[in-house]
Structure formats: C-alpha cells, structure tokens
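1. What follows is a predicted structure for the sequence shown.
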Amino acid sequence: WGGLFTWDSGMLGIGMVQYAPKKALEIIRQYLVDVENIQTDAILHGTQLPLHVYLMLEWYQHTGDKDTLRTLYPSLRKYFRYFTGQSELSTYDKFHTGLLCPFEDGYNVEGIDDYPPQHYTGLIGGYARYSPVCTSAHAIRTAKIMSLFAKELEMFEEIADYEQWQNYWEKALQTYSWEEQSGYYAYVENGTMDRLYYDEAKTVNYNMGIDGLSPLLSGILTETQLANAKEHLLCEGHMWTSYGITSVDMRAPYARTDGYWNGKVWIPHQWFFWKALISEGELDGAEQIARKALQVWRNSVEDTYNCYEQFCILTGMGEGCHNFGGLSAPLAAFWFAYYGRRYITVGWDCLLKDVCWTQDTAVKFTLVYHGNRTRTGILVCVGKEGAYRVSISSRTFVQSAKDGILNLVIDHPQYKQDVIVQHIDLKDEVEYGN
C-alpha cells in the first residue's frame, strides 16, 4: 500500500520526513507530473486527497530547501489544480457551486471505506449528484499551503488566485453545508442544494463524523463552530473514545463498533486533527490526541510486535493487517513533537527561520506566520521540566514546561516574530508570571 496508494504513500512520507527526508522527497516526486504533460495532471490511486501538498509542507518546514521547492512548485501547482477542480482534466468542480465532487475518480474520498453517508450515497446512485465536505475543506487548506509556497518563492501574482478560490469554497461550505443543529457539516445534493439527513424528518445529520468536521482543517471555522468541533472531537461519547478519535460520532444512530473504520481508531485522521488544533492554538487538545495515539500504538506493539492498521474502540487492540506501516507513519511526527531532542512543531500556517539551539534548553528562532486566524500554537520540545523565560517580539513572560514541552499560544500572530526560549532558575527571578 505504501508505494502505490496516494493516501498511504502521503502518510508514509509524513513519517519519513522525521527520519529520511530525502526518501520523503522521492515520494513527493513520484506523484507529481511534469507541467509539459498535457494528458495527466497527477498520479492518483485510491483516495482523492491532495496529500502530497501536505507532505511538501512538512518536508519544507523540516528542511527549508527553497531551491527544491522552486523546482517542484510548477508540478505541485498542477497537482493541486487537479484535486480542486481547476484543471481541464478534472471534474471535481463540475457543479460550479463551490462544493467539490470527486466521486468520478472513486468512491473512497477520505480514506474511510465504510463511512456511512459515503456508502449510502452509493446505494442510492447519488455519486453523480452529491458532494462530500472533505474535498472542499482540503481544497481550502491546500490552497493556503500553495499560497504560502508562492510567498516564499515571491510569486506574488499567484496569491490572489489562491485567495479567490479559497473564498469560493469557504462560502459554499458555510452557506450550503453547515448544519447548526448537529454542529457538523453535511453532504449536499447539488441542484436542490439540500443537505443529506439520515431520517425522513430531517433531524439527524448523516455526516456526524470525520467528514463533517473536516472544515476544521481549513481554518475557516467561527469561534462557535470551533467550540463545537472541539467538543465533538475531544469529549467522551462523541468522537472521542478511550483509545482516540473514531470515525463516526458514537451518538449517531449509524455508528457501530464492528466496522472497518466505523467503530475503529486510525492514525491518519488523528494527525490531521492534531495539526489542525496546533494551527488554531488549541494545544491541550492537540496533545490529548497525540499522546493517546502513541500510547495505544505502543501498547499494541508491545503486546504483539505487530503494526496494525486500526484499533478497536472497545478494547484498544490492534486489528486488520498486521504489518501496515504506511498509515501509522504519522506517529513519528507525534513522537518527535513531544519527545524529540531540540524539536519545534508548528501548524500549517507557519514556518520557522534561523533556528538556533545554544543548548537543549535554550533556543531562538523567527516565526513566519502566513495565516489569518486569531491564534496559533508552537510546541517547543525542551526535554526538561521547569521554568522558561519566553520572549516573543516585545513581550516577555515565564512559562512552565510540563513533561519537557512548552505549549506556546500566540495570540494575534504577526507576519514575523522573533522568539527566544531560555531555561531559568526562578530563585534568580525577581518578577515572573505564567
């Protein structure tokens, strides 16, 4: 799976960035097409998510190699345009509503084979009419990533184009797909623009699950919508279980405990929501997701020495294929974020420049922010508990590191901010605050 499926290879690359960035780059190159090729825009097998845009950002955040980014950018833009319906070869925006529909390329649009509304839409012959949420949501986030790349490469003429498309997809999701009663976004039938419900009385959204929360990844949620998403993700009895985030809200009448994805915990979407929460400055929730995933995977490996593809929400035991490394690879990102030596993790809107560690407990760097949210987060793995003096531009404060991690929330982030972190002895401090 790791060398063939778009979904699996992208996730494998996200883990590979931590250990062998050159091999992660090979995975990116494998799925890109030369711009001169007029017959093909991207290599695609399986799930229709533009994962290699995410992988390129992970790789660039890790390496800062602008020359390689410049070389691959034209092919990456070609790839992006296919997955967002802008290419002549793509049918994803065939309705011209802003609600993208990738079903002509396959039924499994988010990697969740037995996702209830996706399955039901196929049963009623609705793939030609309905749009899921995730395709438009990922289009928005990958457009923001491509805009970040364009800024890095000083291709400023392309930024307005990315922003125009972002607004188009965001307006469609917020206008047609948002279902306030449930707090989830819904599948929409293009033409009637009706949302898809589970019952005839239209009281139960059929999309109470990962797809219905995928706009969290986009960075478009209002404060109310963000609060709803956090409750669904992180509260027991919703999508949160004793073993992490499952695919369907357990309150939904179509939730089950014995499905392939429905009733199971898979690592890839733990990574997506973890990264999204970091981007929103919701670092406690992000840490909850990552540490739970590491614990569950470790328990399973220690019991069986197998790397299973999924985990049962009733027992936490690994199930399915016993040597399924690809989709578990993002665990490496979790581990380095919270246990790695001299390691800094940021969200999708950020880049780190001029990182300089003078010792394990002291670092300075420049944070470059390309987003438009009111908060963002930084995880600084200092490896030692205690008090740290943190300077962010002109603001200085003292914060405690718990388990060797500084969770720094940046309110109203600026485009460029200098950050200095230094371990201190509080006995030498006259004044300090948390």
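-> That came in fine, so what should we check first? Residues are numbered from 1 along each chain as shown.

2. which residues touch G98?
-> 136, 168-169, 171-173 (Cβ atoms under 8 Å, 6 or more residues apart in numbering). (Glycine included, C-beta is placed from N, CA and C.)

3. For the residues you listed, pick the one with the most neighbours.
-> S136 (31 neighbours; other Cβ atoms under 10 Å).

4. Packing partners of the strand or helix carrying it?
-> Take DSSP states H and E as the rule and S136 turns out to sit in helix 134-152. Using 3 or more Cβ pairs under 8 Å, 6 or more residues apart in numbering; DSSP states H and E as the contact test, the elements touching helix 134-152 are helix 51-63, helix 66-83, helix 159-172.

5. ranking these by burial, who's on top?
-> helix 51-63 (a mean of 23; mean count of other Cβ atoms under 10 Å).

6. Can I get that one as PDB, trimmed to CA atoms?
-> Taking Å, rounded to 0.1, in the frame of the first residue of the first chain, the C-alpha atoms of helix 51-63 are listed here in PDB:
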ATOM      1  CA  LEU A  51      -1.800  14.500   0.500                       C
ATOM      2  CA  HIS A  52       1.400  15.400  -1.300                       C
ATOM      3  CA  VAL A  53       0.800  19.100  -0.900                       C
ATOM      4  CA  TYR A  54       0.700  18.500   2.900                       C
ATOM      5  CA  LEU A  55       3.800  16.300   2.600                       C
ATOM      6  CA  MET A  56       5.600  19.000   0.700                       C
ATOM      7  CA  LEU A  57       4.800  21.500   3.500                       C
ATOM      8  CA  GLU A  58       6.100  19.000   6.200                       C
ATOM      9  CA  TRP A  59       9.200  18.500   4.100                       C
ATOM     10  CA  TYR A  60       9.800  22.200   3.600                       C
ATOM     11  CA  GLN A  61       9.200  23.000   7.300                       C
ATOM     12  CA  HIS A  62      11.800  20.400   8.100                       C
ATOM     13  CA  THR A  63      14.400  21.300   5.500                       C
END
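
7. rewinding a little: now the contacts of G98 as JSON lines including distance to G244?
-> JSON lines is the format used below for the contacts of G98 (distance: Cβ to Cβ, whole Å):
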{"residue": "S136", "distance to G244": "26"}
{"residue": "Y168", "distance to G244": "34"}
{"residue": "W169", "distance to G244": "29"}
{"residue": "K171", "distance to G244": "33"}
{"residue": "A172", "distance to G244": "31"}
{"residue": "L173", "distance to G244": "26"}
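
8. Now that we have the residues you listed, can you turn them into TSV and tack on pLDDT and distance to W7?
-> Shown next, in TSV, are these (pLDDT from 0 to 100; distance: Cβ to Cβ, whole Å):
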residue	pLDDT	distance to W7
S136	98	18
Y168	98	25
W169	98	21
K171	98	28
A172	98	24
L173	98	22
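
9. what does stretch 285-304 rub up against?
-> 230, 233-234, 243-245, 265, 267, 270, 273-275, 277-278, 306-308, 311, 316-318, 322, 328, 331, 334-335, 337-338, 377, 379, 405, 407.

10. what's the answer for stretch 241-259, then?
-> 112, 114-116, 184, 198, 204, 206, 208-210, 232-233, 236-240, 261-266, 269-270, 273, 289, 292-293, 296, 311-314, 316.

11. Now intersect those with the strands, please.
-> Of these, the ones assigned to strands by DSSP state E are 184, 240, 264-265, 311-312.

12. quick one: the helices in the stretch 251-400 of the chain?
-> Counting by DSSP state H, counting those that start in this stretch, the stretch 251-400 of the chain has helices at residues 267-279, 283-304, 331-339.

13. Could you tell me which ranges of the chain sit under the pLDDT cut-off?
-> Applying pLDDT under 70 to the chain flags the ranges 1-3, 427-434.

14. Nearest the middle, which residue of it would you pick?
-> Among the residues of the chain, the one closest to the centroid is F272, at 2.7 Å (Cα atoms, centre = their mean).

15. I'd like the distance between that residue and K94.
-> Distance, F272 to K94, using Cβ to Cβ, to the nearest Å: 26 Å.

16. Is Q166 in contact with I140, as I believe?
-> Yes. Under the criterion of Cβ atoms under 8 Å, Q166 makes contact with I140 at 5.2 Å.
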